[in-house]
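Visitor: Let me see the structure of the following:
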Amino acid sequence: MRNVLAIAERELRSYFASPIAYAVIGLFALVFGWMFYAFLRYFIGASMRMGPGGMGQGPININDMLLRPLILQISVVVLFVLPMVTMRTYSEEKRSGTIELLLTSPITDVQIILGKFLGAMALYSAMLLITVPSVVVLFWYGDPDWKPVVTSYVGLLLMGGSFIAFGLFISSLTKNQIVAGVLTFCTLLMLLLVGWLREFVGPLGQAIVGALSVFEHFEDFSKGVLDTKHIVYYLSVITFGLFLTAKSVDSERWRG
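Guide: This is a model prediction of the structure:
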C-alpha cells in the first residue's frame, strides 16, 4: 500500500507541477459557476411566479428544480474535462522515457496502475470539492433535502472513476497526449450516446442499453436512490478499465 500511495502522490504532484491541474480545475470551476448562476436565476424566477404573489399553487422543490438538473449537467461536463486529466498519465511517461524506470523499479504493474488511478481520482475529487461551497449556500438560505445531494456526489465519484479507468487504458496505448485525450473523449462520448439508442430499439434492446449506459446508472443517484446494482456496475467498469490497463502495461513490459 505504501508504494501505491507513493505513486499516487507523485502523480498528483506532477499535475500541479504543470499547468494541467490549474487549467482543468479553473475550467471546471468556471463552467460550474456559470451553470449554478443560470439555474439559480431560473429557480428564483420560478419561485417568485409560484409564490403567494404569483400565479402558482405554492412553493417549488429546490432539489427537483435546481440541484438535480445542475448535477446532471455536471456529469456531462465531467465527460469533457476528465480526458484532460488522464491523457498524460502514461503518454507522458512514454514520451519522456520514464516509463522504463517505472517498469524496472521494484514495484508491480498493479501498484503503478492503482497509484496513477488514485492520483487522478484525487485531482478529480479536488474538482468536485470546488462545487461544495455553492451547494452549502443553498442549505444556508433554503431547505433542500440533503440525501439526494450526498448520493449525487457518490454517483459523480463512481462515474468519474469509470472514466478515469478507461482514460488510463487509452493513455497506455500511445505516446501522444493529444491522441490519448481525443480517443478518451470519443470513447466517453460513445458511452453518452449509447443512452440515445433507446429511442430506436425494442424492449430487449432498451434493457441492454440501460444496462450498458454509464449515464443511465447515474440517474438514480441524482434522485437520492443508492442502489447496490448501480454501485456494482460502476465498480465493475472501473475494475475492467484497470484490467485492460494492466494488460496494456504488461505488453509494454514484454516489448521493452
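
Visitor: List the buried residues of stretch 78-95.
Guide: For stretch 78-95, a neighbour-count test (16 or more other Cβ atoms under 10 Å) marks 78-79, 81-94 as buried. C-beta: built from backbone N, CA, C; applies to glycine.

Visitor: so where's the chain uncertain?
Guide: 50-60, 97, 99-104, 195-211, 252-256 (pLDDT under 70).

Visitor: Let me know the secondary structure of Arg88.
Guide: Using DSSP: H, G, I helix; E, B strand; the rest coil as the criterion, the local structure at Arg88 reads coil.

Visitor: any idea how far Ile71 is from it?
Guide: As judged by Cβ to Cβ, to the nearest Å, Arg88 and Ile71 stand 28 Å apart.

Visitor: Pick out whichever of the buried residues of stretch 78-95 sits closest to Ala8.
Guide: Comparing the buried residues of stretch 78-95 against Ala8 with Cβ to Cβ picks out Thr89 as the nearest, at 11.5 Å.

Visitor: Report the contact partners of that closest one.
Guide: 11, 116, 120, 167-168, 171-172 (Cβ atoms under 8 Å, 6 or more residues apart in numbering).

Visitor: In helices, which of those residues fall?
Guide: Cross-referencing the contacts of Thr89 against helices under DSSP state H gives 11, 116, 120, 167-168, 171.

Visitor: measure Trp34 to Gly119 for me?
Guide: Counting by Cβ to Cβ - Trp34 and Gly119 are separated by 28 Å.

Visitor: Who has more neighbours out of these two?
Guide: Between Trp34 and Gly119, counting by other Cβ atoms under 10 Å, Gly119 is the more crowded of the two (24 against 10).

Visitor: What residues does the more buried one make contact with?
Guide: Gly119 neighbours (Cβ under 8 Å, 6+ apart): 7-12, 14-15.

Visitor: Over to Ala246?
Guide: Going by Cβ under 8 Å, 6+ apart, the list of residues near Ala246 reads 109-110, 113.

Visitor: Looking at these, spot the one nearest Arg49.
Guide: Nearest member of the contacts of Ala246 to Arg49, counting by Cβ to Cβ, is Ile113, at 52.5 Å.

Visitor: so where does that closest one fall, helix or strand?
Guide: helix 109-141 (DSSP states H and E).

Visitor: Same question for that helix: list its buried residues.
Guide: 109, 111-121, 123-124, 126-128, 131, 134-135, 138.

Visitor: Strands of the stretch 151-256 of the chain, residue ranges please.
Guide: Taking DSSP state E, counting those that start in this stretch, the stretch 151-256 of the chain contains no strands at all.

Visitor: number of nearby residues for the nearest residue to Leu114 once chain neighbours are set aside?
Guide: In this structure, Leu114 finds its nearest non-sequential neighbour in Val4, 4.8 Å apart by Cβ to Cβ, 6 or more residues apart in numbering. Val4 has 20 neighbours, counted by other Cβ under 10 Å.

Visitor: Right, I'll call it a day here.
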